[in-house]
Structure formats: structure tokens, C-alpha cells
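>>> sequence and predicted model, in that order:
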Amino acid sequence: MLDLALLKNFVVVARTGSISLASTQVGRTQSALSMQMQRLEEQVGQPLLQRTGAGMRLTSAGERLLPHAEQLIARHDEILADMGGIALKGTVSLGCPEDYSIAFLPELLKNFCAANPQVELRLTCAPTIGLRPLLQRRQIDMALVSLPDAEDATVIRRERFVWVADRPNTPVLSNEILPLALSAPTTLDYRAACDAMEAVNRRYRVAFASDSLAGLIAITRAGHAISVLTSTAVPPDLHIIENGLPKLPTIGIALEFSENRPSSAATMLGDHIRRHLPSLKEPAVARGL
């Protein structure tokens with residue numbers, strides 16, 4: 001039998017990536033928490049954690065166990081709340097980049113809001129660089145953020161960056177200096193586009209800049225520039241350009257909290273997002289040639 005208490009502490013270790021940080025959150029000494037993790041490894045019969053210079057990293061078995069553990073814990077809490085007649089209450093402020101809010105949030109929030117009608121949700125849309133200060137100042141409880149693509153246990157889902165134009169053979173592709181429509185210079189899409197162009201010595205200029213997804217889409221629809229979006233954010237009337245331009249990287253989506261011990265409502269929403277975001281289907285988009 002798997003010990004639910006061990007699974008709960010395993011999730012904390014996995015999220016923090018550190019026995020030291022996790023021990024402060026669960027109220028146990030580092031040695032006691034390490035022994036608990038060893039007991040859990042004995043129960044599953046496989047090593048789950050690997051010590052590195054930067055802290056603790058999940059093994060492949062640990063990565064497989066983590067979503068199961070989170071689902072079991074969330075289900076356990078739901079059962080207790082249901083049997084005790086306790087409705088989840090409170091206010092949760094969620095931050096999210098605009099493209100994720102359009103592509104993912106309607107489906108993610110639909111079931112959660114229906115199951116928890118007494119939870120008030122507040123949504124803030126901003127790029128990741130704008131969400132992090134809000135988390136630090138505790139102006140929002142949690143946020144979906146974008147990370148450079150890497151092997152990172154905190155990444156819930158990965159998304160592709162793609163070149164987008166108003167039509168497959170848009171005239172601006174033949175320009176000697178390619179006009180681009182990008183977000184702020186500190187954003188991942190801006191850096192990805194510039195790095196990709198410079199890697200193949202393709203001449204370009206940032207002709208339009210906008211922190212608004214709607215603004216970038218409007219400029220692209222007008223046919224004045226090529227933009228870079230995540231594949232999920234491409235509307236059906238625009239086209240992904242796959243030939244003639246350098247390949248763009250993928251990015252990771254992670255969930256970050258402003259508190260080490262989030263409220264029950266924030267924790268439940270976070271668990272819900274982790275369970276369902278990886279399996280959401282990518283919206284259908286038009287593809288160029």
C-alpha cells in the first residue's frame with residue numbers, strides 16, 4: 001500500500017527540487033524527510049530522486065509517479081470535502097500570458113468552476129516577465145509562465161514557437177530585409193526570433209512591437225510583417241510558415257505560486273491545471289507550405 005503522507009511530501013520535494021526547502025514546508029527535519037523518501041522508494045521499488053549540485057532531481061520513475069501522486073492527493077481532498085459537506089471557498093488570482101488564456105483557460109476553468117462555484121477567480125493577463133513581479137509582490141496567487149525549453153521537472157507542457165503570416169506566400173517573405181512583428185525585447189519570442197535569424201545570417205528588422213497578442217495578430221493580418229506566436233495562439237485565418245525560415249525553439253509552461261503554502265483554493269486549482277493542461281488538444285490552425 002502506498003502511504004499517502006509520503007506521497008504528499010514527495011510532491012513537495014518534486015515541486016521545490018530541494019530536501020531543505022521541502023522540509024521547511026512540511027514541518028520535518030531534512031533527515032526525517034530524506035528517510036521518508038527512502039521509504040517511498042522502497043514501496044514503489046524504484047529510485048525516485050537523484051541528488052545533483054543544484055538540489056534534487058526526479059528520476060524517470062519519479063517523473064512517472066509525480067502526476068499519479070498529485071491526482072491521488074487531489075482526489076483524497078475532494079472525497080474529504082464531499083463527505084464532510086465542506087465546499088471549497090475563497091478567492092484565487094491567476095496570472096497567465098494572453099495566448100495561454102485564449103487557448104487553454106476556457107477548457108481548464110470550465111470544470112473547475114462548475115465543481116467549485118464558491119471560489120472567486122480573478123485573471124490577470126501579461127507576459128511572463130510581467131507576471132513574475134506580481135508573484136513576488138503577492139499581487140497574484142499563481143501564474144502560468146513560459147520557460148526556455150529544458151529538462152525541467154516543473155514544466156507541465158511544451159509549446160512550439162512558429163512563424164506566422166497572413167497567407168502562405170505573403171509578399172514580405174521576398175523582402176531583402178524581413179520585417180518582423182514581435183513582443184518586448186525581454187520576451188522569449190523576441191529572443192527566439194532574433195537568435196534564429198542571426199544563426200542563418202538572414203537580414204531582418206523589428207518593424208512592429210506590441211506586448212498585446214491582439215496587436216501582433218492585427219499587424220500580421222494586415223500583411224505588413226511576419227510574427228512569432230506559440231502554435232496554440234495562431235488563429236485559423238493566419239498561416240504557419242514552415243519553409244524558407246529558420247526553425248524556432250519550443251518553450252515550457254510551468255505553474256508558479258507566490259506563497260510556499262498556497263491557500264486550499266489555489267492548491268486545488270493548481271492541481272487541476274497540472275492534471276488537465278498536458279492532455280488538452282492543440283487548437284486547429286492553418287498551415288503554410
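Great, that's in hand.
>>> grab the nearest non-local neighbour of I19.
Q30 (5.2 Å; C-beta to C-beta, 6 or more residues apart in numbering). In short, each C-beta sits where N, CA and C put it, glycine included.
>>> report the contact partners of the one you found.
19-20, 23 (C-beta atoms under 8 Å, 6 or more residues apart in numbering).
>>> please apply the same query to L134.
L134 neighbours (C-beta under 8 Å, 6+ apart): 95, 124, 126, 140, 143, 258.
>>> on that earlier part again, take the contacts of Q30 and keep only those in helices.
Of the positions in these, 19-20, 23 sit in helices, assigned by DSSP state H.
>>> how many neighbouring residues does I156 have?
For I156, the count of nearby residues is 17 (other C-beta atoms under 10 Å).
>>> convert the helix or strand harbouring it to CSV, retaining C-alpha atoms only.
For I156, the host element (DSSP states H and E) is strand 155-165. Output in CSV follows, covering the C-alpha atoms of strand 155-165 (Å, rounded to 0.1, in the frame of the first residue of the first chain):
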residue,chain,number,x,y,z
VAL,A,155,7.4,22.1,-16.9
ILE,A,156,3.8,20.9,-17.3
ARG,A,157,3.5,21.2,-21.1
ARG,A,158,5.7,22.3,-24.0
GLU,A,159,4.7,24.5,-26.9
ARG,A,160,6.2,25.3,-30.3
PHE,A,161,7.2,28.8,-31.5
VAL,A,162,6.1,29.3,-35.1
TRP,A,163,6.5,31.9,-37.8
VAL,A,164,3.0,33.3,-38.8
ALA,A,165,1.9,35.3,-41.8
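>>> what's the distance between M83 and V162?
47 Å (C-beta to C-beta, to the nearest Å).
>>> could you flag which of the contacts of Q30 are buried?
Among these, those classed as buried by 16 or more other C-beta atoms under 10 Å are 19, 23.
>>> give me the element the residue sitting nearest the centre point of the chain is part of.
The centroid of the chain falls nearest to I253 when counting by C-alpha atoms, centre = their mean (2.1 Å). In this structure, I253 sits in strand 250-257 according to DSSP H and E.
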